[in-house]
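J.: structure of the sequence below:
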Amino acid sequence: MTKPSSGLSLRRVLIAVIAGIVLLCIACIGLLAVIGAYSNRSGPATEAPPVFDPQSATLTLAYSPEKAELIQELVNAFNQSKQRTSDRRTMSVQLLEMPPDQMVQAALNDEPGFQALSPDASLWLDLLDLQWAEEHRRDAEELAPRRIADSARYAVSPIVIAAWPEVAQSLAGTDQRIGWADLQARATSDPDFRWSHASTSYASGMLATLAEFYAGAGKTRGLTAADVTAQDTLDTVQALERSVSFYGDNEAVAMQLMSEKGRNFLDALVVQEALVVQHNLAGLDPLVAIYPREGTLWEDHPLALLDDPQVTDNQRRTFQALADFLRQPEQQALILARGFRPADLNIPIDGPDSPLTAANGVDAREPQTTLQMPGPSVVQVVQNVWVYTKRPSNVYLVVDTSGSMRGAKMENVRTALLSFIAQIQGAEDRLGMVEFSGYVTNIIPLQTITPEYRQTLRSEITALDARGDTALLDAVRAAYVRLQQENDSGRINAIVAMTDGLENASATSLRQLTNEIEQQNRTGVRVILFTIAYGEDADLDTLRTLAEASGGQLRTGDPETIRELYRLLSQYF
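T.: Residues are numbered from 1 along each chain as shown. All right, here's what the predicted structure looks like:
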């Protein structure tokens, strides 16, 4: 027998091995295809995290909302200048709008989402550095670490009381210098007089509150924690604060509402001077700026860079280029034209091109007295004490639990309501809730928000269940009648009513309810309605009519914004 060739055997072995490898590859490809198909059916693939670019020259700048139009105009001009770094990267700035108190909280994190910030006042930078030092200082002997690496000013504006001319005249009387005490006396003696300032989450509210504490202490500088907590000071501030009609979120929103609603909204509002100028330049029913005789403080609109290892050298160069750009004469002139006072003192604010004129309701020679900004530790004390001096509130949450609220809508509302009750911190604030679907399904009466009651509310909110039709008007009336029965004019009385659909089940008509609100608000206690249109199917006309009948506001929200909307509304109380 002839023996097989060893070469042939080797070739056969190689062919078998190669064939096996090919079959194995085909099997792997098929398996990957099956896995990919399954992944596509079960949900989208997770996106890869953005890759850190150590040469990036793009700076993300968080800014506060009261100067949105100005900062957008300035940054657009900077980006169009197409400045370059030494390695030929184009410098650019991306904008991120954010309330100043949230800027501080974000900047305390390792990844804040921005490298630079421009809040409405430097007090937030001081508070940020203080809190950063408290969290990161290892011992008392160590030099306090700072979160802010660099800062510059580009615009300033004093805090004023914006009022209709006849209101300012009546407040002045024979003395042309109006003070905080005049505002409090008028609000106390005239139940129809309405004034407001923002919550202390914004500079206009915080600086107004600091000015009140200065007035209560009888000082213009050197305010201390002892001054703030002195009983005479607390009594003065509490008397003034308890004459406030309601608080609010940022001053630009309140000014916009004042412009739209006129005298039906407020008689006076604490804002920065620039907003009065902008209002009058727009040709609207004129307002005048009152510079409190006790003195005032300034929104100084800083531009600041974070001290963060993730900030690239090129981003630092972009920050410095932006700071230099904002201080150029052309940009400073633009800042003045928009009603702000330029940081460059060489630019005259009383020249022929300046809008800071009596015709625009302001006086470039004012304020005559500037109060000294206290240190961040004193500001913290004022923030904490304000919760106890502010006007307390009675608030009913009116919550739609109709069938259209099923699923993600209801889940988001639960989260939003939990956020709202967490924000209400006043020692005397009272909260109740009315649930409705095709009828009023549950009423939780007003109670002071103790820890035990807060937990009860959380349990009730967690148990909310969507079903049935929409009896919005009956639910609002149930809350309104109970607030009138309380007859508590010493508090802010308000209803926050939310629905996602059309009214279709109430025994009460819209005309009946609005007539009742208008009449009872004149003869009884004033109840303000804040209505929320949740989603595209909400009845905007009905919600707007209810809000306007009470002198309140309509807000719109969707599943992505509803939580932030409730957080903002919590600042009104």
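J.: strands along the stretch 351-500 of the chain, start to end?
T.: For the stretch 351-500 of the chain, applying DSSP state E, counting those that start in this stretch gives strands covering 393-400, 430-436, 440-448, 492-499.
J.: just send those back as JSON lines, with mean pLDDT and distance to A471 too.
T.: No exception for glycine: its C-beta is placed from N, CA and C like everyone else's. Output for the strands of the stretch 351-500 of the chain, formatted as JSON lines (pLDDT from 0 to 100; distance: least, Cβ to Cβ, whole Å):
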{"stretch": "strand 393-400", "mean pLDDT": "96", "distance to A471": "9"}
{"stretch": "strand 430-436", "mean pLDDT": "97", "distance to A471": "5"}
{"stretch": "strand 440-448", "mean pLDDT": "97", "distance to A471": "7"}
{"stretch": "strand 492-499", "mean pLDDT": "96", "distance to A471": "10"}
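J.: which one of the ones you listed lies nearest to T60?
T.: Closest to T60 of the strands of the stretch 351-500 of the chain, according to Cβ to Cβ: strand 492-499, at 33.0 Å.
J.: related to what we said a few turns ago, any chance of the strands of the stretch 351-500 of the chain in a markdown table with distance to W164 and mean neighbour count as columns?
T.: Shown next, in a markdown table, are the strands of the stretch 351-500 of the chain (distance: least, Cβ to Cβ, whole Å; neighbours: other Cβ atoms under 10 Å):
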| stretch | distance to W164 | mean neighbour count |
| --- | --- | --- |
| strand 393-400 | 26 | 25 |
| strand 430-436 | 32 | 23 |
| strand 440-448 | 34 | 16 |
| strand 492-499 | 22 | 26 |
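J.: okay, now the unreliable bits of the stretch 301-450 of the chain?
T.: In the prediction, the stretch 301-450 of the chain carries no residues with pLDDT under 70.
J.: can you show me the helices along it?
T.: 313-326, 329-337, 376-389, 408-423 (DSSP state H, counting those that start in this stretch).
J.: single out the most deeply packed of these.
T.: helix 313-326 (a mean of 21; mean count of other Cβ atoms under 10 Å).
J.: OK, contacts around the one residue sitting closest to the centre of the chain?
T.: Centroid-nearest residue in the chain, with Cα atoms, centre = their mean: P99, separated by 4.4 Å. P99 is in contact with 64-65, 201-202, 249-250, counting by Cβ atoms under 8 Å, 6 or more residues apart in numbering.
J.: okay, who's weakest in those residues by pLDDT?
T.: The lowest pLDDT within the contacts of P99 belongs to D249, with 78.
J.: helices along the stretch 51-200 of the chain, start to end?
T.: 68-81, 100-107, 123-136, 165-172, 180-189.
J.: between the ones you listed, which one is nearest to Y534?
T.: helix 100-107 (22.6 Å).
J.: give me the buried positions along that closest one.
T.: Residues of helix 100-107 classed as buried: 100-101, 103-104, 106-107 (neighbour count, 16 or more other Cβ atoms under 10 Å).
J.: which one of the residues you listed is nearest Q423?
T.: Nearest member of these to Q423, counting by Cβ to Cβ, is D101, at 11.2 Å.
J.: tell me the contacts of the closest one?
T.: 124, 201-202.
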